[in-house]
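In: my questions are about this predicted structure, shown below with the sequence.
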Amino acid sequence: MALQISATNPEHPALLLELPWQLPLEQWPEKYLVTLPRGISRHIVRYARAGADVVAVKELAERPALREYELLRTLARLGIPAVDALAVVTGRTGSDGQPLEPVLITRHLHGSLPYRSMFETTMRPSTVHRLMDALAVLLVRLHLAGFAWGDCSLSNTLFRRDAGAYAAYLVDAETGETHSRLSTGQRDYDIELARVNISGEMLDLEAAGALHPSVDPIAFGDEICRRYHDLWNELTRTSVYPAGKYHYIERRVRRLNDMGFDVAEMQIVDSAEGDTVTFVPKVVDAGHHQRQLLRLTGLDAEENQARRLLNDLDTWMATQDDYAPGDPLGARTEVLAHRWVREVFRPTIRAVPLDLRRHLDPAELYHELLEHRWRLSERTQQDTSFEAVVADFIAVGALRPSE
């Protein structure tokens, strides 16, 4: 049987032909290989160079190789964080004419590390919590898309920190299954497998003396399950609000923030019953909001101020007709952010008399006005205009003339 490389991108086969397919993966010469940390695997896996890319090459039988290739492509179409499937190579024969196992080829995720290798180093408690949160986010996103992983583990998950955001990526989809919707039993089974696998790997690391003493393997596995269930319940419970009741949406965002999650994407959809709101969560690093707000709007603020302003910006953007998350034809986020500054932020600040706002920087003043609006809206159960907020803010003496 002749060598066959099945790939969606026509550039990939030409680059991959240079690799020594006539040799078993265990015998590949060092000149083709790249030394990178990897988790444990039931299959032989090697990293190799293919042109400018670094690829992961995994030997396995043809049927599971093709199946995993299609599953990874499905996850890519769904926008789920997973490694990029490049090709499947079949028809390999050795120099002795004997058939060799096919291989699945995926692109190495730049800047990523297996979760297992992360726990072999000394980490601060805050980093451990962010790792847990990122993994919980990945599991929730998979289940929302109808994907049952069946083999979540520290070795099958990559961790990457990108522009202040923490994200977990699926590596091995061999045992995965796609459904239109997962039942509660399917989700619970998947999470229980994850708990057992994760705690088991951490116990192995502990036995080898590679785990930091502050990390409890059993408690860590349990905590990921708890974080998963909390996040799942917050994201999937009924979220249809009366049209225009945007302080209800803010309440949901605040709850996610209190749980340690931020909102990566928000979408408001009009329906006959009311406004249906969907959220995509993310986990971020300290100082992320400051950097994001400065980049988008030019406003320099403290971290908590920036987080609050970004939440308001996200809610406002989701109400704009030309905002389409993930749609390249929609207005760019940067354009909408500058429109928000021009049409919302600045007019609100200028509505406060000059002698009353001299002692506060604009970001802090806007933050306090947002907090006041939130309290008024919760008390009256009605969205409150900024004009009414400013008037009430001054009337109750929250702002006083500067000395």
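Out: Cool, got the structure.
In: pLDDT below threshold where in the stretch 101-250 of the chain?
Out: The stretch 101-250 of the chain contains residues with pLDDT under 70 at 121-125, 162-165, 238-246.
In: now do the helices in it.
Out: Using DSSP state H, counting those that start in this stretch, the helices of the stretch 101-250 of the chain run over 115-118, 125-144, 184-207, 217-236, 246-258.
In: next one: the stretch 301-403 of the chain
Out: Ranges of helices in the stretch 301-403 of the chain, per DSSP H, counting those that start in this stretch, are 303-318, 333-340, 346-350, 354-357, 362-380, 386-395.
In: sorry, back to before: distance to Trp28 and mean neighbour count added to the helices of the stretch 101-250 of the chain, as a markdown table?
Out: (Glycine included, C-beta is placed from N, CA and C.) Below are the helices of the stretch 101-250 of the chain laid out as a markdown table (distance: least, CB to CB, whole Å; neighbours: other CB atoms under 10 Å):
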| stretch | distance to Trp28 | mean neighbour count |
| --- | --- | --- |
| helix 115-118 | 22 | 21 |
| helix 125-144 | 31 | 21 |
| helix 184-207 | 27 | 17 |
| helix 217-236 | 34 | 17 |
| helix 246-258 | 46 | 17 |
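In: dump those to JSON lines, plus distance to Glu177.
Out: Supplementary listing: the helices of the stretch 101-250 of the chain in JSON lines, determined by distance: least, CB to CB, whole Å:
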{"stretch": "helix 115-118", "distance to Glu177": "22"}
{"stretch": "helix 125-144", "distance to Glu177": "11"}
{"stretch": "helix 184-207", "distance to Glu177": "9"}
{"stretch": "helix 217-236", "distance to Glu177": "18"}
{"stretch": "helix 246-258", "distance to Glu177": "29"}
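In: what about these, which gets the closest to Leu360?
Out: Nearest to Leu360, of all the helices of the stretch 101-250 of the chain, is helix 246-258, at 21.7 Å by CB to CB.
In: roughly how far is that closest one from the heart of the chain?
Out: 19 Å (CA atoms, centre = their mean, to the nearest Å).
In: could you say what helices and strands that helix packs with?
Out: The contact analysis (3 or more CB pairs under 8 Å, 6 or more residues apart in numbering; DSSP states H and E) places helix 246-258 against helix 217-236, strand 262-270, strand 275-284, helix 303-318, helix 362-380.
In: for Val54, find the nearest of those.
Out: Of all the helices and strands packed on helix 246-258, the one in closest proximity to Val54, counting by CB to CB, is strand 275-284 (25.5 Å).
In: what angle sits between the helix or strand that that closest one is followed by and helix 303-318?
Out: Using DSSP states H and E, the helix or strand that directly follows strand 275-284 along the chain is helix 288-297. Interaxial angle of helix 288-297 relative to helix 303-318 (axes from the mean of the first three to the mean of the last three CA atoms, to 10 degrees): 50 degrees.
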